[in-house]
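Novice: Need coordinates for the following:
(chains A and B)
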Amino acid sequence: MNYPDFSVTVPIDHVAVEERVARLNKRSIKKESKIFALKLALSMMDLTTLEGKDSEGKVIQLCQKAKMPYGPMPDLPTVAAVCVYPTMVRTAKNAVKGTGINVASVATAFPSGMAPLSVRIDDTKYAVDEGADEVDMVISRGAFLSGDFQQVFDEIAAIKEACGPAHLKVILETGELLTYENVRKASDIAMDAGADFIKTSTGKISPAATQPVTLVMLEAIRDYYYKTGKMIGMKPAGGIRTAKQAIQYLVLVKETLGAAWLDKDYFRFGASSLANDVLMQIVKQTTGQYQSPDYFSVD
Amino acid sequence: MNEVTKETYKPTSPNSKLDFASVWEYAPAPESASHAEVKNKYELFIGGKFVKPSSGNYFESTNPANGEVITEFAEASKSDVNKAVKAARKAFEGEWSSISAKERGKYLYRIARMIQERAREFAVLESMDGGKPIRESRDVDIPLVAAHFFYYAGWADKLEYAFPGQKPEAVGVCGQIIPWNFPLLMLAWKIAPALACGNTVVLKPAETTSLTALKFAELVQEAGLPDGVVNIVTGAGETGAEIVNHKDIDKIAFTGSTGVGKLIQRSLAGTDKKFTLELGGKGAMIVFEDAPIDQAVEGIINAIFFNQGHVCCAGSRLLVQEGVADTVMQKLKDRMESLIVGDPLDKNTDVGAINSQGQFETINKYLKIALDEGADVYQSTCNIPENGYFVRPTLLSNVSQSNRVVQEEIFGPVLTIQTFRTADEAIQKANNTPFGLAGGVWTDKGSKIFKVGSGLRSGVVWANTYNKFDPTSPFGGYKESGVGREGGLHGLGAYLKF
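Specialist: Now for the predicted structure:
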């Protein structure tokens, strides 16, 4: 673990960041490279349901979809993980048993994180005890914005410890951090404190994931890799609904971090409705025709 | 040349090297060329008509990406140039001067709109004939061409307001000679202000890239511009010399190499011709420790690899503050690895073909010189097509002010990198060439931008960006980079007498 210098702010030129994204969005992904990207996107998905009305039945159905995204094409890759609330972890774990699909649980008083640290640690331990392979925590944005970076760092480190063997994804909630410089700083703190993944958003705040924010985080990951040789994963979450967007994100990853990150161990999409559009595009690319959305499961 | 560079290639990232090549390669995404009509042969455009050259000679134009012959252009001799100048003179003294300034403006607006309508065709032809990536001809060249015509169209009936208290008048017949790096854009830079001010023109495009100029001639015919207002004569240096030395031309506008510019200035000495010269450059980019490094690297990439480095204002010298030199170097090398070099018509291509065999040889000559001078040559390891003229993005380190590769314009995808310690040293090094066209400064600190920017003896200084063009902004050089300004209000003055 590196002990970071909180006084350092890495300057980010927002005009140039957005220009770079605009340029990468002009990549034209066709034919076999498109099919490859679509399947890759599917395999990187954290199929998510995070609603107060979630029930066991709903979670089980989601897990079915995770295992078999589209019945007529049984050879498609499964998604990477299902992402649920801690109380649904056991249900999900049983439903995906033996498939290699991970169960990710949000924890730490998701989505606000407004609970005492002890409660957040218990929340995390509970999720892990229930069988979560991955924990998605939120940082204390209030502490961050008021300049108490030490608190943010210590909390992440404490949650990391509570995770034990489970992988830790740290949600920065970039929609509340407001500037790219803040996003960069929060990324650095999270990685130094032990994050295995850094993640943009809870999906409960708008804006959720954006490409410029993702690029800034990918560049933070790259600098961390240059410095330490350690690969940190990236997870944009929320607001990614179309296959086209997903491919644009993959281009961002490929041209910023390279081939090694094009893997579900290092890149995830947090999304609920993206899967169907990706499936639709895969069918279109394979058969040459668009199917009605009625042919794809709503789970 | 390839062997030499393979020998010297070594992965130099101090720690971890990123791999961009494997796993997911983009499939070819070629822009369709089927809608672009190219004739077997193009004549000269004189007095509103396409006429055969008096010599009967034609020369071939090839696609530098594959060596295929695209078409043939007529070779204009002295008598053809004479005819063109006469047609221009007749139009200037006749119809063109008799119509109102507002009507002149309307013609220019019409041309601008027609260019927009045919943007795709022009973009494809520009890439086929000149080797530049379709992404650039589509997103930069052609939109800027239209923007220039729109901009100067607006000035046509407002010249008195542009120069209050003076009586601006058209100069007369303008001889214009343009280069091969931005064929249609340089045509627009020349023709739009000339016409807006009420002049007529005889324009010679570069011999390797005349296609879009003749397509433009067809457009001029369709736009119904009076005969003789725009004349286009094709040919090599001799044709250009006939224009420069013609007695009935009132103004010469030239964009090209400093060598030819000096020749032109010499032959114009003692005549009363007005002239503007846009010549070479060796733009310096200064990156300070406090700069946003990732974005600076992106700016550097755009500064030197835009249009294969065939840009007179290209940022071809990188000056980095010592504290961040290793970081910048590492990031630059990794970023160079992700550049896609290849088919100019592929929508994913970042760096296209070198414009001609001649230029290809020039660049390779300089790579050889770099090795002789003891430079470390780093080239991206990307695949390049077997046929056609391609050069890998290249970085030369371990070089200094005394090296030819630091002093001379290479006009290719070749960047030199040096370090500095203080702002004053950076300014001194940046100014220490015979050129003075463009420069760039990267820092997070506004006051530093102004201090360094005003210290640079160069026509353009970009801050935290590079190679941004706009018709409203004047462009031109200090020292051996040129005389006069094009673009903006300043560009009008060059086509008027008072």
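
Novice: Which positions in chain B make contact with chain A?
Specialist: B:13, B:15-16, B:18-29, B:135, B:139, B:290-292, B:294-295, B:298-299, B:327, B:330, B:334, B:338, B:347-348, B:444, B:464-465 (Cβ under 8 Å from any Cβ of the partner chain). Placement of C-beta: from N, CA and C, glycine included.

Novice: Just the buried ones from those residues, in ChimeraX syntax?
Specialist: Provided next is the ChimeraX selection string for whichever of those are buried by 16 or more other Cβ atoms under 10 Å in any protein chain shown:
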select /B:16,18,20,24,26,28,29,135,291,292,294,295,298,299,327,330,334,338,347,348,444,464,465
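
Novice: Check which helix or strand A:T202 maps to.
Specialist: Remark: A:T202 resides in no helix or strand, with elements defined by DSSP states H and E.

Novice: With the one 4 residues further on instead?
Specialist: When elements are defined using DSSP H and E, A:S206 is found to belong to no helix and no strand.

Novice: who's in contact with it?
Specialist: The contact partners of A:S206, taken as Cβ atoms under 8 Å, 6 or more residues apart in numbering or on different chains, are A:175, A:239.

Novice: measure it to A:G175 for me?
Specialist: When distance is defined by Cβ to Cβ, to the nearest Å, A:S206 is 6 Å away from A:G175.

Novice: before we move on, the earlier item: out of the residues of chain B next to chain A, which sit inside strands?
Specialist: Taking DSSP state E, every one of those sits outside strands.

Novice: Report the backbone C-alpha coordinates of stretch B:394-407 in CSV.
Specialist: These are the backbone C-alpha positions of stretch B:394-407, laid out as CSV (Å, rounded to 0.1, in the frame of the first residue of the first chain):
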residue,chain,number,x,y,z
THR,B,394,9.1,8.5,-35.0
LEU,B,395,10.6,10.1,-32.0
LEU,B,396,14.2,11.4,-32.0
SER,B,397,15.8,11.8,-28.6
ASN,B,398,19.3,12.6,-27.5
VAL,B,399,19.4,15.5,-29.9
SER,B,400,20.4,19.1,-29.4
GLN,B,401,20.1,22.6,-31.0
SER,B,402,23.2,22.0,-33.1
ASN,B,403,21.6,19.0,-34.9
ARG,B,404,20.2,19.3,-38.4
VAL,B,405,17.1,17.3,-37.4
VAL,B,406,16.4,20.0,-34.8
GLN,B,407,17.0,22.9,-37.1
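
Novice: And the spatially closest residue to A:A95 that is not a sequence neighbour, what's its pLDDT?
Specialist: Distance criterion Cβ to Cβ, 6 or more residues apart in numbering or on different chains; nearest residue to A:A95, sequence neighbours excluded, is A:C63 at 3.5 Å. In this model, A:C63 is scored at 97, pLDDT.

Novice: The nearest residue to B:N432 once chain neighbours are set aside: what secondary structure?
Specialist: Nearest non-adjacent residue to B:N432, counting by Cβ to Cβ, 6+ apart: B:Q401, 5.5 Å away. Put simply, B:Q401 is coil when judged by DSSP: H, G, I helix; E, B strand; the rest coil.

Novice: so how far is B:E373 from B:Q401?
Specialist: Counting by Cβ to Cβ, the gap from B:Q401 to B:E373 is 12 Å.

Novice: related to what we said a few turns ago, filter the residues of chain B next to chain A down to the ones in helices?
Specialist: Within the residues of chain B next to chain A, residues falling in helices by DSSP state H are B:135, B:294-295, B:298-299, B:327, B:330, B:334.

Novice: for those residues, which one is nearest chain A?
Specialist: For these, the residue nearest chain A by Cβ to the nearest Cβ is B:Q295; the value is 3.5 Å.

Novice: With A:W261 as the reference, measure out to that closest one.
Specialist: The value you get for B:Q295 to A:W261, if Cβ to Cβ is used, is 20 Å.

Novice: residues contacting the residue nearest to B:N432?
Specialist: Per Cβ under 8 Å, 6+ apart, neighbours of B:Q401: B:407, B:418, B:429, B:432.

Novice: so how many other residues sit close to the first one?
Specialist: So that's B:Q407. When neighbours are counted by other Cβ atoms under 10 Å in any protein chain shown, B:Q407 registers 15.

Novice: Do you know the pLDDT at the nearest residue to it once chain neighbours are set aside?
Specialist: In this structure, B:Q407 finds its nearest non-sequential neighbour in B:T433, 5.6 Å apart by Cβ to Cβ, 6+ apart. In this model, B:T433 is scored at 97, pLDDT.

Novice: Surely B:T433 touches B:K282?
Specialist: Yes: B:T433 is in contact with B:K282 according to Cβ atoms under 8 Å; the separation is 4.7 Å.

Novice: Could you check which of those two has the larger neighbour count?
Specialist: Each of B:T433 and B:K282 has its neighbours counted (other Cβ under 10 Å); B:K282 has more, 30 against 24.

Novice: Next, work out how far apart that one and chain A are.
Specialist: According to Cβ to the nearest Cβ, to the nearest Å, B:K282 stands 24 Å off from chain A.

Novice: which residues sit in contact with that residue?
Specialist: For B:K282, the contact set (Cβ under 8 Å, 6+ apart) comprises B:316-317, B:406-409, B:433, B:435, B:437.

Novice: quick one on the thing from earlier: please compute how far the helix or strand harbouring the residue nearest to A:A95 lies from its chain's middle.
Specialist: If you go by DSSP H and E, A:C63 is part of helix A:56-67. Offset of helix A:56-67 from its chain centre (Cα atoms, centre = their mean, to the nearest Å): 19 Å.

Novice: For it, list every residue counted as buried.
Specialist: Within helix A:56-67, the residues scored as buried using 16+ other Cβ under 10 Å are A:58-63, A:65-66.

Novice: same question for the longest helix anywhere in chain A, mean pLDDT?
Specialist: Ranked by residue count under DSSP H, the longest helix found in chain A is helix A:211-228. Mean pLDDT, helix A:211-228: 97.
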